[in-house]
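Peer 1: Okay, sequence plus prediction incoming.
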Amino acid sequence: MTSPRPTATPDGLLLVDKPAGVSSHDVVNAARRAIGERRIGHAGTLDPFATGLLVLLVGRATRLLPHLPDEPKVYEARIAFGVETDTEDLLGQPVREAALPTRAALLAVLPRFVGRIDQVPPAYSAKRIDGQRAYALARAGAAVELKPVPITVHRWELLAVDEDAEGRVRSVDARITCGGGTYVRSLARDLARAVDSAAHLAALRRVRTGPFDVADAVTLEDLRERRAALRPALAALPGFPVQRLSDDELAKIVRGIDVAATVPGPWGALVRADDDILVALAERRHGAGSSEGERWQPRVVMREA
């Protein structure tokens, strides 16, 4: 992704490299103070102990959240074997200990954790049980039983393996490419259980979300010091075909009226004729009459009529 060109309006895309020790909501609050805009949403929460890419949409660009290309997600994780914790990460209390696994045993079971699989989310998660957050119930000492949820894991890459003198694996650094809704903490838990061991996450970093890379993100310090430039809303839709609008077409689109589609694709980013300011995200449809041809029906309009 190229360097950001500041947007003239408080609507746009902001990529932040979240440090450990703050919540995703803390980052959103810092962005609100720095930009002076209350409407800020993010695509995918990161736990406070985790670091890495947080994709923020600002102002009217929050309307694009349901259409944001945010998969697959890529994480770099350190899995520490021998101890399972109640939170499934390094901040939890130990609940079970087991022998360290061998490298051969881990490699043998790893294919089970690729593809479409069922995963039981961690008790300390934002899942709801009878209207209450699972983590709130867990903190109160209640027994938390969550149902398995289907997830997709595309790929595991082992980056480093730390073994003791007897060849037992103390920890693994892995890059995991997966779909939304995947708990990497629980992948570590289940991987260890599959080899009769125990494990928790010692570190987690999100390096990519869809087409967005952490290398293009600003730091939280940059954000707090107001050194972070907001990218234009169009930057939230990389890969979408772009169609420029005439003045007449622009007047129709902002009133929700369809216009002729002149670029291919099921969805289109409609911009003004003389710049790259996003006017609307539109869906292709067939015109009502045989002479109308293909049309863009605006689904997300970024400016008032």
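Peer 2: On my side now, so go ahead. Residues are numbered from 1 along each chain as shown.
Peer 1: what helices or strands is the longest strand belonging to the chain leaning on?
Peer 2: Ranked by residue count and defined by DSSP state E, the top strand of the chain is strand 149-163. Counting by 3 or more C-beta pairs under 8 Å, 6 or more residues apart in numbering; DSSP states H and E, the packing neighbours recorded for strand 149-163 are strand 115-119, strand 169-178. C-betas here are computed from N, CA, C, even on glycine.
Peer 1: Let me have these in CSV, adding distance to residue 224 and mean pLDDT as columns.
Peer 2: As requested, the helices and strands packed on strand 149-163 are arranged in CSV below (distance: least, C-beta to C-beta, whole Å; pLDDT from 0 to 100):
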stretch, distance to residue 224, mean pLDDT
strand 115-119, 36, 97
strand 169-178, 30, 98
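Peer 1: got the buried residues for the longest strand of the chain?
Peer 2: 151, 152, 153, 156 (16 or more other C-beta atoms under 10 Å).
Peer 1: do stretch 110-121 as well
Peer 2: Neighbour counts over stretch 110-121 (16+ other C-beta under 10 Å) mark 110, 113, 117, 119, 120, 121 as buried.
Peer 1: out of these, which one sits closest to residue 26?
Peer 2: Of all the buried residues of stretch 110-121, residue 26 sits closest to residue 121, with 22.7 Å by C-beta to C-beta.
Peer 1: Name the SS class of that closest one, please.
Peer 2: The three-state label given to residue 121 by DSSP: H, G, I helix; E, B strand; the rest coil is coil.
Peer 1: right, and it touches residue 133 too?
Peer 2: No - using C-beta atoms under 8 Å, residue 121 is not in contact with residue 133; the gap is 11.6 Å.
Peer 1: Which neighbours do these two have in common?
Peer 2: Residues touching both residue 121 and residue 133 (C-beta atoms under 8 Å, 6 or more residues apart in numbering) are residue 127.
Peer 1: In the stretch 201-305 of the chain, what residue spans correspond to helices?
Peer 2: Under the criterion DSSP state H, counting those that start in this stretch, the stretch 201-305 of the chain contains helices at 220-224, 247-253.
Peer 1: got TSV for those helices, with mean pLDDT and mean neighbour count too?
Peer 2: Formatted as TSV, those follow (pLDDT from 0 to 100; neighbours: other C-beta atoms under 10 Å):
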stretch	mean pLDDT	mean neighbour count
helix 220-224	95	16
helix 247-253	95	16
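Peer 1: if I look at the spatially most central residue of the chain, how far off is residue 143?
Peer 2: Centrality entry for the chain: nearest residue to the mean C-alpha point is residue 44, 3.9 Å, by C-alpha atoms, centre = their mean. Residue 44 sits 28 Å away from residue 143, going by C-beta to C-beta, to the nearest Å.
Peer 1: Residue 184 is nearest to which of the helices of the stretch 201-305 of the chain?
Peer 2: The minimum distance between residue 184 and the helices of the stretch 201-305 of the chain falls on helix 220-224, with 21.5 Å, by C-beta to C-beta.
Peer 1: sorry, back to before: quick one: the longest strand of the chain to strand 169-178, angle?
Peer 2: In terms of direction (axes from the mean of the first three to the mean of the last three C-alpha atoms, to 10 degrees), strand 149-163 departs from strand 169-178 by 140 degrees.
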